[in-house]
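Novice: what's the 3D shape of this:
(4 chains)
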Number of protein chains: 4
Amino acid sequence: MVVSSSERRFVISLGCPDQTGIVARVSGFLAEFGGWIVEAGHHTDTTTGWFFTRLEVRADSLPFGVDELRNRFAGVAADLSDRAEWRIWDTDERRRVVVLVSKEAHCLHDLLGRVGSGELDVELCAVIGNHPELGPITEAHGIPFHHVPFSKDPEAKADAFEQVRVLAEKHDPHAIVLARFMQVLPPELCERWAGKAINIHHSFLPSFAGARPYHQAYERGVKLIGATCHYVTAELDAGPIIEQGVIRVDHTDDVSDMVRKGRDIEKMVLARGLRAHVEDRVLVHGKRTVVF
Amino acid sequence: MVVSSSERRFVISLGCPDQTGIVARVSGFLAEFGGWIVEAGHHTDTTTGWFFTRLEVRADSLPFGVDELRNRFAGVAADLSDRAEWRIWDTDERRRVVVLVSKEAHCLHDLLGRVGSGELDVELCAVIGNHPELGPITEAHGIPFHHVPFSKDPEAKADAFEQVRVLAEKHDPHAIVLARFMQVLPPELCERWAGKAINIHHSFLPSFAGARPYHQAYERGVKLIGATCHYVTAELDAGPIIEQGVIRVDHTDDVSDMVRKGRDIEKMVLARGLRAHVEDRVLVHGKRTVVF
Amino acid sequence: MVVSSSERRFVISLGCPDQTGIVARVSGFLAEFGGWIVEAGHHTDTTTGWFFTRLEVRADSLPFGVDELRNRFAGVAADLSDRAEWRIWDTDERRRVVVLVSKEAHCLHDLLGRVGSGELDVELCAVIGNHPELGPITEAHGIPFHHVPFSKDPEAKADAFEQVRVLAEKHDPHAIVLARFMQVLPPELCERWAGKAINIHHSFLPSFAGARPYHQAYERGVKLIGATCHYVTAELDAGPIIEQGVIRVDHTDDVSDMVRKGRDIEKMVLARGLRAHVEDRVLVHGKRTVVF
Amino acid sequence: MVVSSSERRFVISLGCPDQTGIVARVSGFLAEFGGWIVEAGHHTDTTTGWFFTRLEVRADSLPFGVDELRNRFAGVAADLSDRAEWRIWDTDERRRVVVLVSKEAHCLHDLLGRVGSGELDVELCAVIGNHPELGPITEAHGIPFHHVPFSKDPEAKADAFEQVRVLAEKHDPHAIVLARFMQVLPPELCERWAGKAINIHHSFLPSFAGARPYHQAYERGVKLIGATCHYVTAELDAGPIIEQGVIRVDHTDDVSDMVRKGRDIEKMVLARGLRAHVEDRVLVHGKRTVVF
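Specialist: Numbers count the residues shown, from 1 in each chain, chains lettered A, B, ... in the order given. This next block holds a predicted model:
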């Protein structure tokens, strides 16, 4: 659901060790102040004994603002467990997104279209490309484009990544989207952007990690190809998965057909994964995600 | 999830007008007695202002049995609204299912296989056929089979339906499954079995209601065919939908190919719909269902 | 497969009454001149006794050009039947496409992206809108945009359609795409553009023809929503279907969620249908299509 | 399409190096004798330059029987290439199938249902189990069941495999189906049954080969699980893929839910793969398959 500003909400996300009474404690706290829960998800991972919840509350149903809600909820969370992890998003705080691209246009076109038509309600702050080709279409949508050339020389590459980092962090982004960026982030950047950097990999992971996945898929003779949207971690294509999708192929599809068909899945999977992320629907726990 | 008896649970389903504090009230009631919520779903239909919830509680976490839980929950529900509708299922009470068939074997084979292998944990009490063909395979699975011949003469037909009714109701079933039964239930039986009689229709409703849906689909030249599992109501193929599925077809598929491909979808959609029903996951509201 | 000019091909499409030896006659004709068949599809509709074939031949494998091929093939076709219908497309003749839009942006964005990135190898000649909103993004892609205002006054509306007709036909287009145009073409234009005008309807036809299909779908409580790409005929939303797709919805999706999820299917189904059309893969026979 | 004996057909499959005129040569040969082609598929693998075709001809349209057709077609094939590989199946020769099982019932139940209802028109000669549990249901369908106990002792295991081999080969089967057999065939049996032994693996290969794939999938946190039907080769789970399918899972699905949902895909994928195999629709080339 697209949250419009007229339907301002506070979105509470919480993870903590499971125990009796968490739902009652949290919902009781909200009810005490007349909080109107619009959407609620609960989940217990029985293998790890971890409890997850996400609640959307109408902002105008509470007698205080988001800061006071955070203050008060901190007490609730502390009561539940000193290992509790929680955050509260005020939907009036529009999500800021930075996109990293190379030459492949389809994911960027798709994101620009979704943002431009209002379907994806985020602030697209900047697009950064290691090639200049996607500049004009980005700017036609009124979005700033930065060209940061990359070379294979390690030092120059490190410099380029530092430029990308500075350009991206200037916007204090909630999401840094690698929209077919084709460059492997250095480990320190993976660490720094943990839980924020989102990649779209053009295979159904864990199959065909790494380079040229459609070629790998063709060689293996699979009957479905896919795409995976995941958080970036230092281990290549091994981060927590947010969303996946597949599409049928058959013997009449050569690698170029797979590339073409795969694009539709990449676009859709990235858009769904990004939407879940910016709506604060994704809770990461180890290598797995809960997507409410 | 298949609920085994060693994991006895009480499953609370509730629908009532939406208001602030319902989640808190219900979860608070459970927390008061140490009730351990294993699974929880909440939903508000904003067009009708109706709230729905379904909670699974570990039976051994409560200090009382299901009768006392029902007694006490009646008070909670009455507090919330005099229009509240609720029920509590003790998973130790195994679901009883009666299946009505004609000659088409695939849905029955599938159900027998699922029950026989323990995947669908219900008591399959009886199969009633208006033709005798499916008797032997039913009995090979150790399930009683009753042959009730149907004729076109209205009076004889009414008699036959009365026989079916008596045979089915003897088992006080939670579900009466029309597994390609091919006979239209009379309105009084639809009324009597409201919310219990489940049909599998071999089209993606509302397209192609009524007879020979695959022929209709072929004539129209659709590129996907489907199946719909729904509650039976007096209006033919118009009851609340529980589950639907589709499969691709193309110009190489004639009607007999559609029939064959469609069977796989019918089986799967019926099995999913029936599972949701017997696990008390389906809440009906007007023509729509909430499936937790 | 995107046919690049370096892989020039002649694409032969033929429909005629079925009889023994058609494949041999057509392939024998090509073999006689060294014609290298790159892709071949054959189909017989057994209900109507009609045979369909589509052959892609490498242009450089034949000793003559497309005009001579047409001359010679006319003889082959005439031998087979005086009811034979055939056409030959020279892939060097780039397909010209005109797009009609209203305010809904997603299908246009998607087509612009596919054409701009070279994925859909057509000449997008013009976009015509009955509202001006989509002009800037169209022009940012270097495509001419024409605004033709529509009113409800019948005479003014007829004038507007006449303007659209003139603007579109100036390009002698192979396809006129109604990309969520929201205006019902008058019967004479349906007739005139038969087999060229392609619509995307935002439902899984024949369910929910006409206005506000997502509202209809919501009311009915379906568990999947869809989109249908079809040729425009005088009977509303009843033309031959080229492609369809669906996506799951559940009780948490209100109408606006359905609209959003449906867009992804509309875009994809329209793009696939249009690709099949411009690659001359669609043979219409009555209300049904063969899509090779 | 299920080929009934009243629609007797000869099915020609051919693979050979690609060259101009193959389609003309083969279809010309058939046309010469009045052969009525009911279904035809052609494909060229451009990476290997190999051509594949499969033709269904009405048996009663030819003036000779299958032996004479084989004699004459041998000449056609030899003319095309001395590397040509071909076979002709007379659909009057019913396919014989042997099934190997362990304790998991769902794939066997599904196959028994399809054969019993006439949907899959094969002769199910025997079921061989390394456990006795699935004997009664097999015999209820009138199919012989053989229990061959397996132990971990290498010599005893080799003896058991030899028993299985003898029991299976007694029927000269066209297909030996490993329907969740849970035993790894020894290399010499893989070699001996190459192109005949068909396995269903409960993952979307190449992901999660080997043991406990659902556990692997759960650990990795994938959002779709799948099943793969493939020919058995000496390298575990690496044989040519015939068919694959997937189904969505999410964080609410634990391993036992994945097992349950996966079963539906396993059954369907195995049934589709086996159907393609027994209808002689699968041509293997290296690690890839063409499925007409």
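
Novice: hey, C-alpha coordinates of stretch A:130-141 in PDB?
Specialist: C-alpha atoms of stretch A:130-141 as PDB (Å, rounded to 0.1, in the frame of the first residue of the first chain):
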ATOM      1  CA  ASN A 130      30.300   4.200 -13.500                       C
ATOM      2  CA  HIS A 131      29.500   5.000 -17.200                       C
ATOM      3  CA  PRO A 132      27.800   8.100 -18.500                       C
ATOM      4  CA  GLU A 133      25.200   6.500 -20.700                       C
ATOM      5  CA  LEU A 134      22.300   6.600 -18.300                       C
ATOM      6  CA  GLY A 135      22.800  10.300 -17.500                       C
ATOM      7  CA  PRO A 136      20.300  11.900 -19.900                       C
ATOM      8  CA  ILE A 137      17.300   9.700 -19.100                       C
ATOM      9  CA  THR A 138      18.000  10.200 -15.400                       C
ATOM     10  CA  GLU A 139      18.100  14.000 -15.800                       C
ATOM     11  CA  ALA A 140      15.000  14.000 -18.000                       C
ATOM     12  CA  HIS A 141      13.200  12.700 -14.900                       C
END
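
Novice: average pLDDT for stretch A:30-48?
Specialist: Here stretch A:30-48 scores 92 as its mean pLDDT.

Novice: need the pLDDT of the residue of the stretch 51-200 of chain A found nearest chain D.
Specialist: Among the residues of the stretch 51-200 of chain A, A:Phe52 lies closest to chain D, at 7.9 Å counting by C-beta to the nearest C-beta. To be clear about C-beta, it is placed using only N, CA and C from the backbone, and glycine gets the same treatment. Note on A:Phe52: pLDDT of 96.

Novice: hmm, it is touching A:Arg288, no?
Specialist: No. Using C-beta atoms under 8 Å, A:Phe52 is not in contact with A:Arg288, being 10.7 Å away.

Novice: what's the overlap in contacts for the two?
Specialist: Counting by C-beta atoms under 8 Å, 6 or more residues apart in numbering or on different chains, the residues touching both A:Phe52 and A:Arg288 are A:45, D:251.

Novice: who has more neighbours out of those two?
Specialist: Taking other C-beta atoms under 10 Å in any protein chain shown, A:Phe52 and A:Arg288 do not tie; A:Phe52 has more neighbours (22 against 18).

Novice: ok, and what's touching the helix or strand in which that one is found?
Specialist: In this assignment (DSSP states H and E), A:Phe52 forms part of strand A:50-58. Under the criterion C-beta under 8 Å, 6+ apart, residues A:7-19, A:22-23, A:26-27, A:30, A:35-45, A:280-281, A:283, A:285, A:290, A:292, D:251 lie in contact with strand A:50-58.

Novice: quick check: which of those are also close to chain B?
Specialist: When contact is defined as C-beta under 8 Å from any C-beta of the partner chain, the contacts of strand A:50-58 meet chain B at A:23, A:27, A:30, A:35-40, A:42, A:44.

Novice: and the contacts of stretch A:150-164?
Specialist: Under the criterion C-beta under 8 Å, 6+ apart, residues A:100, A:128, A:130, A:148-149, A:183, A:185-186, A:189 lie in contact with stretch A:150-164.

Novice: list the ones among these that fall in helices.
Specialist: Under the assignment DSSP state H, the contacts of stretch A:150-164 contribute A:Leu189 to helices.

Novice: hmm, which of the contacts of stretch A:150-164 is lowest in pLDDT?
Specialist: Of all these, A:Gln183 carries the smallest pLDDT score, 93.

Novice: neighbours around the residue lying closest to A:Val246 once chain neighbours are set aside, how many?
Specialist: Spatially, and ignoring its direct neighbours in sequence, A:Val246 is nearest to A:Gly226 (3.9 Å; C-beta to C-beta, 6 or more residues apart in numbering or on different chains). Counted with other C-beta under 10 Å, the neighbours of A:Gly226 add up to 29.

Novice: same question, A:Gly21
Specialist: A:Gly21 - counted by other C-beta under 10 Å - has 18 other residues nearby.

Novice: could you pull up the residues touching it?
Specialist: B:27, B:31, B:34.

Novice: now these: which count as buried?
Specialist: By neighbour count, with 16 or more other C-beta atoms under 10 Å in any protein chain shown, the contacts of A:Gly21 hold B:27, B:31 as buried.

Novice: picking that back up, the ones next to chain B among the contacts of strand A:50-58: which two are farthest apart?
Specialist: Farthest-apart pair in those is A:Trp36 and A:Thr44; separation 24.9 Å (C-beta to C-beta).
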